[in-house]
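[1] fold the following and give me the result.
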Amino acid sequence: MVASMGLRARFIMPFGQMRSMTSCSRPLTVFSYQLRLRQPMSCLRLTPSRANSSVPQKKSKIEEPPIQIDKTTLHRIPGESVQSNKLIDRIPKFPLSKEAVPTLLPRPGVPMVGPNMPFRKMVEILESKSEPELIYEAEPHRLYFVFCACFALVFAVYGINVLTIGMELAWSTFDKNELALPMAPKVVNFIVQSLLTIGLACFPLGFALLFVYTPTRLVRRLWYIPGSKGEKPLVQILTHPLVPSRPSPIISIPVENLNRAQTSKVWTGRGFYGTVDSTIFFFLRETGRRFPWIVDRKGFFWGDGRIHDYLFGKETIEEAEKGLSYDQKIGIMNQRKKAGEEKLKKELGVGWRYKAQAKLLKEDISKLKKIVKQVPGSKSERKKLK
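    The predicted structure is shown next:
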C-alpha cells in the first residue's frame, strides 16, 4: 500500500509547474496574443492541497517569463513593422480575396471605450501625450495599386488612340486637299484640327496621370503630435513615394488645417473600430490644397473612429461621443421643427403661421426703435444732451 502511494507521488506534479512547462515555454501565437489583449488579468492558478499535513508550506511565487512575440505576430502589430517601398510589395497576391482580409491586430496599450473608460477620458489621454502617438495605420494598399494601374492604363490607351487617329485624319486632310484650298488656309486648317485633337486627347491622358498620382495620396500611417506650450498639435502623414524604392514621404500638417467632409462620418458603429461602411475610404482635406488625402476604413484606429471625428470633423466631445451621422442630425432638427410647430398650433390656434409672423414682425420693429434711439443725432440723444 505504502509502495503504491509512493509510486503515485512520483507522477503527481503541481499544476503551476505543469503550466510553466507547457504554455509558458512556447512562443506567443496570434490567438494567445489576442487573448492577452482581451484578458489582461492573469489566470487563476490552482495549487494542490496536501491531506494530513500539519507542516506549514512556503508559498512560492511562480514568475511568468516575459511575453515572447514571434516575427509573424510582431509584423501584424500597428507601428512595429517596417514600411517597405519595393515594387514587389505593390503587387497583390493571388487569389485577390486574400488582400481584402484584415491582418492588423489591436495595438497594445491603446484604450478602448467601455464602462471604465468614457470617451472624454480617452480624448484626455490622447491630448496629454508627450510623444507622437500612432492613431492610424492602413492595411497593405496592394489592391489600390492594381486599380490605379488598370485605370491609368485604360485612360492612357484612350488618349493615345484619340491622338493618333485625330492626327492621321488631320494629316490626310492636309495632304489630299480635296477642297483645293490654297497653302495658307490649308496650313491653318491643319493647325486647328491638330489643336482640337490634342485638346481632346488631354482629357483621358489627364485622368491617366491622376490615377498614377493617386497612390501618393494614400495614407499609410498617422501620428498625433501633441503641441507643446504655445504650439498647436500636428499630424504627421506617411504615404507612398511616386517611384518605388524611394523613401516614404512624411508630411506634417496642423490638426486645425486637416478637415473631414461635413457630410461624411468616420464613425459608423460597425466593425471592430466602428468605421466599416459601404464606402471603403474617406477623405481628409488640407486647407489650401486641391487633392485630398485618402484614408482606408479597414485599418487600425486609435480608440475608435470617433477620435477622428473629434480631431478632423471639428466636433465637440459630446457630439463625437454620440456618433450621430449627418442624416441623423438632419432628422433630429426636423423633429424639433415639427415639435415647435405643434406647440405654436396649440398656443395660437387657427392661422398660427400668420400670427407667429406678426409677432416676429412686432418684435423686430421694437428692436429697430431701440437701435434708432441709440443713434447719435436722434431726438432722444438731443434731449439727453440738453
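[2] contacts only, for Lys121.
    Pro111 (CB atoms under 8 Å, 6 or more residues apart in numbering). All C-beta atoms are positioned from the backbone trio N, CA, C, and that covers glycine.
[3] next, it: secondary structure please.
    Classification of Lys121 by DSSP: H, G, I helix; E, B strand; the rest coil places it in helix.
[4] from Pro111, how far off is it?
    Here the criterion is CB to CB, to the nearest Å. By it, Lys121 lies 8 Å from Pro111.
[5] same question, Asp89
    For Asp89, the distance to Pro111 - CB to CB - is 32 Å.
[6] same thing with Pro254?
    Pro254 is 25 Å from Pro111, by CB to CB.
[7] any residues in contact with both of Lys121 and Pro111?
    Counting by CB under 8 Å, 6+ apart, no residue touches both Lys121 and Pro111.
[8] list the residues that contact the spatially most central residue of the chain.
    Centroid check for the chain by CA atoms, centre = their mean gives Val295 as the closest residue, at 4.9 Å. Counting by CB under 8 Å, 6+ apart, Val295 touches Tyr136, Ala138, Val219, Leu222, Phe281, Phe282, Phe283, Leu284.
[9] check the secondary structure at the last one for me.
    Under three-state DSSP, Leu284 falls in the strand class.
[10] could you point out the longest helix of the protein?
    For the chain, the helix that runs over the most residues, judged by DSSP state H, is helix 142-176.
[11] check the offset of that one from the chain's centre.
    35 Å (CA atoms, centre = their mean, to the nearest Å).
[12] report the buried residues of it.
    Buried residues in helix 142-176, counted by 16 or more other CB atoms under 10 Å: 142, 144-145, 148, 151-152, 155-156, 158-159, 162-163, 166-167, 170, 173-174.
[13] and Gly313, how many neighbours?
    Neighbourhood size, Gly313 [other CB atoms under 10 Å]: 19.
[14] no wait, Arg220
    21.
[15] ranges for the strands of the protein?
    Taking DSSP state E, the strands of the chain run over residues 133-137, 221-225, 234-238, 250-254, 258-260, 281-286, 293-296, 300-301.
[16] let me have those strands in a markdown table, adding mean pLDDT as columns.
    Formatted as a markdown table, the strands of the chain follow (pLDDT from 0 to 100):
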| stretch | mean pLDDT |
| --- | --- |
| strand 133-137 | 95 |
| strand 221-225 | 95 |
| strand 234-238 | 95 |
| strand 250-254 | 94 |
| strand 258-260 | 93 |
| strand 281-286 | 92 |
| strand 293-296 | 94 |
| strand 300-301 | 94 |
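[17] quick one: closest of the ones you listed to Lys369.
    strand 258-260 (42.9 Å; CB to CB).
[18] who are the contact partners of the residue nearest to Gln262 when sequence neighbours are not counted?
    In this structure, Gln262 finds its nearest non-sequential neighbour in Tyr326, 7.2 Å apart by CB to CB, 6 or more residues apart in numbering. Residues in contact with Tyr326 (CB under 8 Å, 6+ apart) are Gln262, Thr263, Ser264, Lys265.
[19] mind listing the residues bridging to the nearest residue to the third one once chain neighbours are set aside?
    Counting by CB to CB, 6+ apart, Ser264 lies nearest to Phe282, which is 5.5 Å off, once chain neighbours are set aside. Here Phe282 sits in beta bridges with Val295, going by DSSP bridges.
[20] number of residues surrounding Phe282?
    21.
[21] what's the separation between it and Tyr144?
    Phe282 sits 14 Å away from Tyr144, going by CB to CB.
[22] surely Phe300 touches Tyr273?
    Yes - here Phe300 reaches Tyr273: they are 7.5 Å apart, a contact under CB atoms under 8 Å.
[23] Ile294: neighbouring residues, count only.
    For Ile294, the count of nearby residues is 20 (other CB under 10 Å).
[24] any idea how far Lys121 is from it?
    31 Å.
[25] Ala261 too?
    28 Å.
[26] what of Cys150?
    Counting by CB to CB, the gap from Cys150 to Lys121 is 46 Å.
[27] do Lys93 as well
    In this view, Lys93 and Lys121 are 41 Å apart by CB to CB.
[28] now do Val162
    59 Å.
[29] where does this protein dip in pLDDT?
    Counting by pLDDT under 70, the ranges of the chain that qualify are 1-72, 375-386.
[30] all helices for it, in order.
    Going by DSSP H, the chain shows helices at 2-11, 15-22, 30-38, 71-75, 119-127, 142-176, 183-213, 305-312, 317-322, 326-348, 352-374, 379-385.
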